[in-house]
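Asks: Fold the following, please.
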Amino acid sequence: MQSLLPPDHGQLPLFHDALVQSSLNPFLAGPAQAVTLPECFSEVILNGAQDHCLHLLAPMLRELSDEQDPRWLTLIAPPTLLTTKWLRSRDLNLNRILLLQPRQSMQALELACEALRSGKSHTVVSWLHGMKISEKKKLALAAQTGNAQSLNIRLG
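Replies: I've put the predicted structure just below:
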């Protein structure tokens, strides 16, 4: 069966084009405002019980810990339930993971940016809540500088 769409045109852009061309976004109360962040920054938002959310994250973290890149998978300010025992029980490669908690003198955002800029991690996963766009851009810039990926996880 032949597709009616060009090979590089997926279904999502069909909806995206319609929303962008429209002056009102049906999903927002006001005019559509696109915020573009570099591809090196991603954010996952999970709602529900914390242990259930971590259960959903386990396969993603396992995949990242098995990455072929020899650099670290760095976890910044993870929830208290995410311990080395939990990581081990989910078959994550502990030899490739750094688990960092911010100190009083350094905020989690600063620690994440420092880890990203250093280039010693292929991915820095942070648990930062209520970030502004400027803070997300700061993480993205740090990730670009260190040739890394920044993944922020918000647990509801």
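Asks: For stretch 88-98, which residues meet the burial criterion?
Replies: Across stretch 88-98, burial judged by 16 or more other Cβ atoms under 10 Å covers 90, 92, 96-97. Heads up, the C-betas are built off the backbone N, CA and C, glycines and all.
Asks: which ones among those residues are found in strands?
Replies: I97 (DSSP state E).
Asks: just checking, what packs against the helix or strand where L109 lies?
Replies: According to DSSP states H and E, L109 maps onto helix 108-118. Counting by 3 or more Cβ pairs under 8 Å, 6 or more residues apart in numbering; DSSP states H and E, the packing neighbours recorded for helix 108-118 are strand 72-76, strand 97-100, strand 121-126, helix 133-145.
Asks: cutoff 6 Å now
Replies: Where contact means 3 or more Cβ pairs under 6 Å, 6 or more residues apart in numbering; DSSP states H and E, helix 108-118 is packed against strand 72-76, strand 121-126, helix 133-145.
Asks: measure L94 to G119 for me?
Replies: 22 Å (Cβ to Cβ, to the nearest Å).
Asks: so what's the residue lying closest to Q144 once chain neighbours are set aside up against?
Replies: Leaving aside its sequence neighbours, Q144 sits nearest to C40 (Cβ to Cβ, 6 or more residues apart in numbering; 5.6 Å). Contact partners of C40, counting by Cβ atoms under 6 Å, 6 or more residues apart in numbering, are 140, 143-144, 149.
Asks: Give me the distance between C40 and Q68.
Replies: In terms of Cβ to Cβ, C40 sits 18 Å off from Q68.
Asks: which regions of this structure sit below the pLDDT cut-off?
Replies: For the chain, the stretches with pLDDT under 70 are 1-35, 105.
Asks: Kindly recompute the last result at 50.
Replies: Residues of the chain that meet the criterion pLDDT under 50 lie in 1-27, 30-32.
Asks: domain parsing for it?
Replies: The record's domain split for the chain, according to automatic domain parsing, is 1-34, 37-155.
Asks: Burial-wise, tell me which of those domains comes out on top.
Replies: Ranked by mean neighbour count under mean count of other Cβ atoms under 10 Å, those are led by domain 37-155, which reaches a mean of 17.
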